[in-house]
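**Q** structure here, sequence nowhere to be found:
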């Protein structure tokens, strides 16, 4: 029985044949993370095609995945015209995703997309609506949810060892500014028109982690941002507070050499996670998890190894076969995008911003470019630094 395409309810029972995947975008994330993860799950997926405008990148993915010449495309439309693709994996820069995702959904393909979902909430909303209208699965790669230390923290919270979570503090101030693929444009993440923001948009992983640790949806955002480099086009450091109706997360993210680690506290204890040399998770090895809770002090240094992308793919494949939503849906991707954009809006205006950002608001319609249309105070760090093209 072949993994089929089509509307919700059409052949979405358990499917025995691997889901046939077309990979669009052959950058570093696709080659270094997605391709190896597919190869680890041969009973669930079969990578059958790749599309990318850059010959060197297409060749690298083709070699890694064992694809033939007919399975390598310069034009995404050629890949979508194939009749042997059940799912599209979108690894392009985020400003290129809307038309691709809409076309894939309208052709009946399931879609898994790298984060962030888009650069504007308007684009994200259009993609979500198209996926729902065509009954296909639409998931976002929020892979940090599957990191071993995060899985363990959530287990401890659910067990009640520290009581209800009151505060989560996530420091990611030693993020390494890794260039994009040399064959494309290595500095594209510093272009607000392509990336939709700076270090926080690149690392909005930490926004959805903060919400996951709180266990409740973010409702209000306040923030400060800055850039240490003269004439920087995007922010290089952000200090943010994300509030729910009951608790709050402090999320601090920056390129550089600042401190890293996680602390989660409740009325009966706390959980602390550290990484090697006090650096940031994913950029330094996990070192220890310490719980001060109902059972006293417990330290863990050996957690089960997990490739987070592999777990994202396994969840998405199961969602396709079982006819359910994946862990991170398009709607969740939109929510986290709006929470991230609210950081920039709060820093620009110097006040707390509520969610969701309403349709018609310049930031909803145009992302960070919409900040240029607002009347910002002279002291606004975004205006003072002229970030995102603001004058």
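**A** On my side now, so go ahead. Nothing here was measured: the structure is a model prediction, and the numbers come from that model.

**Q** contacts, neighbours, all on C-alpha from now
**A** OK.

**Q** list the contacts of the helix or strand where residue 206 lies.
**A** With elements delineated by DSSP states H and E, residue 206 resides in helix 205-214, which encompasses its position. Taking Cα atoms under 8 Å, 6 or more residues apart in numbering as the criterion, the residues outside helix 205-214 that touch it are 142-145, 153-154, 165-170, 172, 217-218, 242, 244, 247-251, 253, 264, 336, 339-340.

**Q** cool, and stretch 296-306?
**A** For stretch 296-306, the external contacting residues (Cα under 8 Å, 6+ apart) are 146, 147, 148, 149, 286, 287, 288, 289, 290, 291, 292.

**Q** nearest to residue 322 among these?
**A** The shortest approach to residue 322 among the contacts of stretch 296-306 belongs to residue 146, at 20.1 Å (Cα to Cα).

**Q** quick one, phi/psi of that closest one?
**A** According to degrees, to the nearest 10, the main-chain angles of residue 146 amount to phi -100, psi 10.

**Q** can you get me a residue count around the nearest residue to residue 364 once chain neighbours are set aside?
**A** Distance criterion Cα to Cα, 6 or more residues apart in numbering; nearest residue to residue 364, sequence neighbours excluded, is residue 121 at 5.1 Å. Each residue near residue 121 was counted by other Cα atoms under 10 Å, and the total is 26.

**Q** and residue 154, by the same measure?
**A** If we define neighbours as other Cα under 10 Å, then residue 154 has 15 of them.

**Q** just say helix, strand or coil for it.
**A** Following DSSP: H, G, I helix; E, B strand; the rest coil, the label given to residue 154 is helix.

**Q** domains in the protein, as residue ranges please.
**A** When the chain is parsed with automatic domain parsing, its domains come out as 19-143+309-326, 145-305.

**Q** right, and these - which one's nearest residue 389?
**A** Using Cα to Cα as the measure, domain 145-305 is the one of the domains of the chain that comes nearest residue 389, at 7.0 Å.

**Q** measure the closest one end to end?
**A** End-to-end distance for domain 145-305, by Cα to Cα, to the nearest Å: 14 Å.

**Q** quick revisit: can you give me how far the helix holding residue 206 is from the chain middle?
**A** On the basis of Cα atoms, centre = their mean, to the nearest Å, helix 205-214 sits 11 Å off its chain's mean C-alpha point.

**Q** what is the mean pLDDT for it?
**A** Confidence for helix 205-214, expressed as mean pLDDT, is 98.

**Q** next one: stretch 272-280
**A** Here stretch 272-280 scores 98 as its mean pLDDT.

**Q** quick one: contacts for the residue nearest to residue 364?
**A** The contact partners of residue 121, taken as Cα under 8 Å, 6+ apart, are 334, 337, 338, 364, 365, 367.

**Q** measure how buried the fourth one is and give me the count.
**A** It stands for residue 364. The burial count for residue 364: 24, using other Cα under 10 Å.

**Q** right, and it touches residue 358 too?
**A** Yes. In this structure residue 364 lies within contact range of residue 358 using Cα atoms under 8 Å: 6.6 Å.

**Q** and the contacts of stretch 296-306 as a markdown table, adding neighbour count?
**A** Shown next, in a markdown table, are the contacts of stretch 296-306 (neighbours: other Cα atoms under 10 Å):
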| residue | neighbour count |
| --- | --- |
| 146 | 17 |
| 147 | 19 |
| 148 | 17 |
| 149 | 26 |
| 286 | 22 |
| 287 | 17 |
| 288 | 16 |
| 289 | 22 |
| 290 | 17 |
| 291 | 23 |
| 292 | 17 |
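
**Q** quick one: which of those sit in strands?
**A** Helix and strand membership here follows DSSP state E; of these, those in strands are 286, 287, 288, 289, 290, 291, 292.

**Q** does the last one have any beta-bridge partners, and if so which?
**A** Legend: beta-bridge partners of residue 292 under DSSP bridges are residue 270, residue 297.

**Q** rewinding a little: quick check: next helix or strand after the helix holding residue 206?
**A** Stepping forward along the backbone from helix 205-214, the first helix or strand reached (DSSP H and E) is strand 220-226.

**Q** which helices and strands sit right next to the next helix or strand after that following strand?
**A** Of the helices and strands lying after strand 220-226 in sequence (DSSP H and E), the nearest is strand 237-243. The elements that strand 237-243 packs onto, with contact taken as 3 or more Cα pairs under 8 Å, 6 or more residues apart in numbering; DSSP states H and E, are helix 199-202, strand 220-226, strand 248-255.

**Q** closest one to residue 354 among those?
**A** Distances from residue 354 to each of the helices and strands packed on strand 237-243 were compared using Cα to Cα; the minimum, 4.4 Å, belongs to strand 220-226.

**Q** I'd like to check the angle between that closest one and strand 237-243, please.
**A** Angle, strand 220-226 to strand 237-243, by axes from the mean of the first three to the mean of the last three Cα atoms, to 10 degrees: 170 degrees.
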